[in-house]
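J.: heads up, no residue letters with this:
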């Protein structure tokens, strides 16, 4: 039987050699995500761990082959899982790894530094090991050696291909490698290329994709010229490809050294940063201005502060990422149970016994509060049978659907209490056997909805389902970035987020773009000395993100039209005057 098909057992586990792609976590394949979700042990270089760890299951053991202290990925809600798992890392004293057979190895010992040894040790005892590498495993010399070690030890393995940097990075840089004429494409690693290799690619007229570093890419261009390529041959150089730190320069073989020097990217303070260079007349380098889709995203590289709870910020952060931004979530409020839970308990019991005709949810937190109370009583979504359910907006509706409840009413217009009242039917004693509405909400909610429902003829049980309190201050590094101009924009979704953020972290720097969800929030921001640059056309977090993206797009277009370099707000010179642009 082939070593790759041996079943996992007590004496040998299973290893998956996984390609993590060039840097964008979105380029992981479906098979890669599946393998990560089932892994017991995850082994990778530090940068690769950052790409794949979000898809790993809680409790997986993380081994950093760069010899930095490992850590355990444990479920936030279950401290006991870390205490009982045999394959997690201790967090105190000298870092230890309890490997599969129960022995301990000190991190940083010579045996641990060897990745192949780590893979073999982790695979013992039937463990599912994922060995993740940058790009594609088939192009990684060390991965091949580790596969051979598996064969020698009789450990079954599989290979999950990934997007190679030499292919993925040019695509993100807007540089297609082939045209309609089907130009020959050759790939060269400048770090290992021989004189014969340079001579061969220099003699051809096809496209050459060069893997190099910022320190060696100019020398690689010289090698190609020496081998016969014309100095005026177009060349692009991309650093940090497929990430929001990506940057691409267009030049020629003869001018690339001067271009990089003028851009002040050489010498690199970090040393050895990998780059992908594309050389060739037909590589579409001349068309990059039209094809550069990634770096031309409206908020490309912007660090955007999202002062909401993690649950609330998730979908908003995803939207910001689609615009090229790097969202940073900072909770400004914490949700706690009501001080007197008896009112909530009576309301839930009344819900089950038929006291209400309607229940109205005005937030995701309200859905969560009711759901938790249901679980406490052993109830589920079936308790809503015969009761009409309203949701203030799409996100609240999604939370209800996840609970197993499809809302009967969601505002057709503005997603707010006012929008909900616009569509709410008046009480009709002929068609409505019960005239009462259950309204679970926050302790600081406004009276708009209650007053509107009473005006429509309904009786309202206005119940405090949860309390909102100011969150703890964020880490010192985040506070300094907020006050020092490290963020490009901040999204305020309510007046309370303005007050709480300023209270726990300080006032955002004047170069930071301030975006507010509506006039009331904007007024609060101005009262705190902030200049509002962007306002959503309607009170929706997604419309707010769209408005910020439109602002970024206009800002980029204005810079291009003026012939100025496209920069982020945080890159403005100290003391530069700030233009006020409200949308």
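T.: Nice, thanks for sending it over. Since this is a predicted model, take the numbers as computed values, not measurements.

J.: sheet-wise, list the partners of whichever strand in the chain runs longest with their directions.
T.: Ordering each strand of the chain by length in residues (DSSP state E) puts strand 459-470 first. Under the criterion DSSP bridges, strand 459-470 sits next to strand 333-336 (antiparallel), strand 436-442 (parallel) in its sheet.

J.: got a list of contacts for it?
T.: 332-340, 343-344, 347, 350, 356, 365-366, 368-370, 435-444, 450, 453-454, 496, 500, 503-504 (C-beta atoms under 8 Å, 6 or more residues apart in numbering). Where you see a C-beta, it was placed from the backbone N, CA and C, and this is true even at glycine.

J.: buried ones only from the residues you listed, please, as a ChimeraX command.
T.: Command for ChimeraX that selects the buried part of the contacts of strand 459-470, burial taken from 16 or more other C-beta atoms under 10 Å:
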select :332,333,335,338,344,347,356,365,366,368,369,370,436,437,438,439,440,441,442,450,453,496,500,504
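
J.: got any ranges where the chain has weak pLDDT?
T.: 1-12, 67-113, 180, 182, 266-272, 282-286, 309-314, 445-446, 573-583 (pLDDT under 70).

J.: hmm, try it at 80
T.: Scanning the chain for pLDDT under 80 picks out 1-12, 66-115, 124-125, 179-183, 265-273, 281-289, 308-315, 413-416, 443-447, 572-583.

J.: output the longest helix belonging to it.
T.: Assignment by DSSP state H gives helix 541-562 as the longest helix of the chain.

J.: please point out which parts of that helix sit buried.
T.: 541-549, 551-552, 555-556.

J.: who's in contact with that helix?
T.: Contacts of helix 541-562 (C-beta under 8 Å, 6+ apart): 296, 298-299, 302, 304, 315-316, 319-320, 323, 395, 489, 491, 493, 513, 515-517, 533-537, 565-567, 581, 583.

J.: and if you look at stretch 144-154?
T.: 3, 6, 12, 15, 17, 115-116, 119-120, 123, 131, 137-138, 156-157, 159.

J.: show me the strands in the stretch 351-500 of the chain, by range?
T.: Secondary structure of the stretch 351-500 of the chain, counting by DSSP state E, counting those that start in this stretch: strands at 358-361, 388-391, 436-442, 459-470, 489-492.

J.: contacts for the second one, please.
T.: Right, the one you point to is strand 388-391. By C-beta under 8 Å, 6+ apart, strand 388-391 touches 357-361, 397, 400, 405-410, 420, 424.

J.: and the strands of the stretch 351-500 of the chain: which comes nearest residue 166?
T.: The minimum distance between residue 166 and the strands of the stretch 351-500 of the chain falls on strand 489-492, with 34.0 Å, by C-beta to C-beta.

J.: that closest one pairs with which strands?
T.: The sheet places strand 489-492 alongside strand 303-306 (parallel), strand 513-516 (parallel), with pairing taken from DSSP bridges.

J.: which other helices and strands contact the next helix or strand after the last one?
T.: Read it as strand 513-516. Using DSSP states H and E, the helix or strand that follows strand 513-516 in sequence is helix 519-527. Under the contact definition 3 or more C-beta pairs under 8 Å, 6 or more residues apart in numbering; DSSP states H and E, helix 519-527 sits against strand 489-492, helix 495-505, strand 513-516.

J.: phi and psi next, for the residue in the chain sticking out farthest from the centre.
T.: Here the chain reaches farthest from its C-alpha mean at residue 430, the gap being 51.7 Å by C-alpha atoms, centre = their mean. The phi/psi pair for residue 430 (degrees, to the nearest 10) reads phi -80, psi -40.

J.: repeat for residue 406
T.: The phi and psi values for residue 406, taken as degrees, to the nearest 10, are phi -90, psi 120.

J.: make sure it is actually in contact with residue 400.
T.: Yes: between residue 406 and residue 400 there is a contact at 7.2 Å, judged by C-beta atoms under 8 Å.

J.: who has more neighbours out of the two?
T.: Neighbours per residue (other C-beta atoms under 10 Å) separate residue 406 from residue 400, with residue 400 holding more: 25 against 13.

J.: pretty sure the more buried one is touching residue 367, no?
T.: Yes: using C-beta under 8 Å, residue 400 is in contact with residue 367, at 5.7 Å.

J.: residue ranges of the helices in the stretch 251-400 of the chain, please?
T.: 256-262, 288-291, 310-322, 342-352, 364-376, 394-403 (DSSP state H, counting those that start in this stretch).

J.: now the first one: buried residues?
T.: For helix 256-262, the buried set under the neighbour-count rule, 16+ other C-beta under 10 Å, comprises 256, 257, 259, 260.

J.: contacts for that helix next, please.
T.: 214, 217, 218, 221, 235, 237, 249, 250, 251, 266, 277.

J.: between those, which has the most around it?
T.: Most surrounded of those: other C-beta under 10 Å gives residue 277, at 30 neighbours.

J.: please report the distance of that residue from residue 163.
T.: 18 Å (C-beta to C-beta, to the nearest Å).

J.: dump the strands paired with strand 489-492 to a markdown table, plus distance to residue 204.
T.: Output for these, formatted as a markdown table (distance: least, C-beta to C-beta, whole Å):
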| stretch | distance to residue 204 |
| --- | --- |
| strand 303-306 | 43 |
| strand 513-516 | 48 |
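
J.: can I assume residue 62 is in contact with residue 53?
T.: Yes: between residue 62 and residue 53 there is a contact under C-beta under 8 Å: 6.6 Å.

J.: more crowded one of those two?
T.: Applying other C-beta under 10 Å to residue 62 and residue 53 shows that residue 62 carries more neighbours, namely 20 against 17.

J.: can you tell me the element that one falls in?
T.: Using DSSP H and E, residue 62 falls in strand 60-64.

J.: quick one: that strand to chain centroid distance?
T.: Strand 60-64 sits 20 Å away from the centroid of its parent chain (C-alpha atoms, centre = their mean, to the nearest Å).

J.: each with direction, which strands does it pair with?
T.: Short version: by DSSP bridges, strand 60-64 pairs with strand 41-44 (parallel), strand 72-73 (antiparallel).

J.: re the thing from before, need the max-distance pair from the buried residues of helix 256-262.
T.: Farthest pair in the buried residues of helix 256-262, by C-beta to C-beta: 257 and 259, 7.3 Å.

J.: could the helices and strands packed on helix 519-527 be laid out in CSV, adding distance to residue 57?
T.: Below are the helices and strands packed on helix 519-527 laid out as CSV (distance: least, C-beta to C-beta, whole Å):
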stretch, distance to residue 57
strand 489-492, 31
helix 495-505, 32
strand 513-516, 36
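
J.: may I have the beta-bridge partners of residue 128?
T.: Under the criterion used (DSSP bridges), residue 128 bridges to residue 14.

J.: verify the stated contact: residue 404 with residue 379.
T.: No: counting by C-beta under 8 Å, residue 404 does not reach residue 379; the two are 11.3 Å apart.

J.: more neighbours: which of these two?
T.: residue 379 (16 against 11).

J.: what distance do you get for the residue lying closest to the more buried one once chain neighbours are set aside to residue 198?
T.: Distance criterion C-beta to C-beta, 6 or more residues apart in numbering; nearest residue to residue 379, sequence neighbours excluded, is residue 352 at 6.9 Å. For residue 352, the distance to residue 198 equals 78 Å [C-beta to C-beta].
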